[in-house]
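J.: return atomic coordinates for the entry below.
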Amino acid sequence: MRLRAIPLVAALLTLAGCGVFSSGDSTPDAPLERTELRIGVGSPIDTAPLRVAVGEGRFTAAGLAVTLVDVPADQAITKLSAGEIDIAFASDVSIFRASAAGTALQLQGEAYTAGRNTMALVTLPGSDYTEPTGKRSPKIAVNMLDDVGVLAARSVLATAGVEAGKIQFKQHAFDRMPQALQAGEVDAAWMVEPYITRAEKELGASILADGARGATLDFPMSSYVSTGTFGQGNARTLAAFRKVLSEAQVRAADSAIVRDALPTFSDIDRTTASLISLGSYPASVNGIRLQRVADLMHNSGMIGARLDVQALVPRP
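T.: As a prediction, the model looks like this:
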């Protein structure tokens with residue numbers, strides 16, 4: 001019996017060499033569907049790892065020519081849907097709001113997660129608003145009326161005891177918020193870095209409430225997304241993109257890399273870069289983590305039906 005088994009083993013080993021049991025390493029990798037990507041970018045802090053990787057030629061080394069396009073936050077999904085960019089950087093709230101409205105999207109990477117005081121409700125010296133519950137119907141400045149600022153501010157204030165329905169949100173660009181505070185147009189402003197540090201440094205501003213606590217502790221803030229059609233048609237290209245992005249996000253765990261790089265591609269000076277509070281840069285898309293955002297949106301009435309975030313995550 002032992003002698004009769006030898007030819008069978010030999011035959012199987014021969015077939016294995018032909019690829020029956022191989023992982024495919026013996027054949028050349030399939031080429032990328034495309035070698036050029038246009039990526040819309042916004043917040044320099046959120047997108048720092050991506051920008052650094054592009055500047056260091058890491059995407060080029062992976063066979064991708066990446067062009068970064070500055071896109072206003074409120075136009076990211078629109079430009080993506082119009083085909084003006086291939087991948088958009090956007091807040092998770094705007095991504096999930098668009099998805100809930102029927103836009104087919106595919107997540108290509110998480111960008112940024114909030115840390116302590118990376119987003120906060122800010123007031124100026126002399127303000128009579130010194131405690132989150134100090135006003136029954138506070139007027140809060142946010143950069144957009146349907147984005148993460150409203151979601152986070154409402155969550156933090158409601159947790160403190162303020163009736164959510166009585167909060168008044170006023171839209172102001174981040175760089176206009178100090179003037180709105182000085183003019184008494186709002187009681188507090190929901191800010192992110194570097195605007196928090198600038199307001200503290202230049203105006204003596206103080207933090208009324210950290211925006212990243214309670215339901216928004218370690219809150220996912222932003223991601224990179226493509227349309228569903230683009231994701232399905234360019235799976236290998238996007239897998240290559242995600243691999244380089246993941247490596248860049250891991251390197252950004254060293255905050256010195258981010259702080260040193262920020263002045264090279266933004267208006268954040270070195271002093272401010274050394275003082276800002278930084279969150280974290282996830283190395284991969286985590287549907288469970290991102291589900292927190294969608295569920296908070298659903299519970300607050302920002303979207304109707306509950307959104308299944310895992311359906312937006314590309315399959316391996």
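
J.: which SSE is Leu32 in?
T.: Following DSSP states H and E, there is no helix or strand that holds Leu32.

J.: that one: neighbour count?
T.: 19 (other Cβ atoms under 10 Å). C-betas here are computed from N, CA, C, even on glycine.

J.: separation between the closest residue to it other than its chain neighbours and Ala76?
T.: Among residues not flanking Leu32 along the chain, Thr237 sits closest, at 4.6 Å (Cβ to Cβ, 6 or more residues apart in numbering). To Ala76, Thr237 is 20 Å away according to Cβ to Cβ, to the nearest Å.

J.: so who does Leu80 touch?
T.: Gly40, Asp86, Ile87, Ala88, Val225, Ser226, Thr227 (Cβ atoms under 8 Å, 6 or more residues apart in numbering).

J.: same check on Ile167?
T.: Ser137, Pro138, Ile140, Ala153, Arg154, Leu157.

J.: isn't Ile303 right up against Ala100?
T.: Yes: contact criterion Cβ atoms under 8 Å: Ile303 and Ala100 qualify, at 4.1 Å.

J.: can you pull the buried residues of stretch 31-39?
T.: Leu32, Leu37, Arg38, Ile39 (16 or more other Cβ atoms under 10 Å).

J.: again but with stretch 237-247, I slipped
T.: Using 16+ other Cβ under 10 Å as the test for burial, stretch 237-247 gives Thr237, Leu238, Ala240, Phe241, Arg242, Val244, Leu245, Ser246.

J.: also stretch 56-70?
T.: Arg58, Phe59, Ala62, Leu64, Val66, Leu68.

J.: inside helices: which ones of those?
T.: Arg58, Phe59 (DSSP state H).

J.: max pairwise distance over the buried residues of stretch 56-70: which two?
T.: Maximum pairwise distance in the buried residues of stretch 56-70, criterion Cβ to Cβ, is 15.8 Å, between Ala62 and Leu68.

J.: now the residue nearest to Leu32: which helix or strand?
T.: Residue-wise, Thr237 maps onto helix 235-251 under DSSP H and E.
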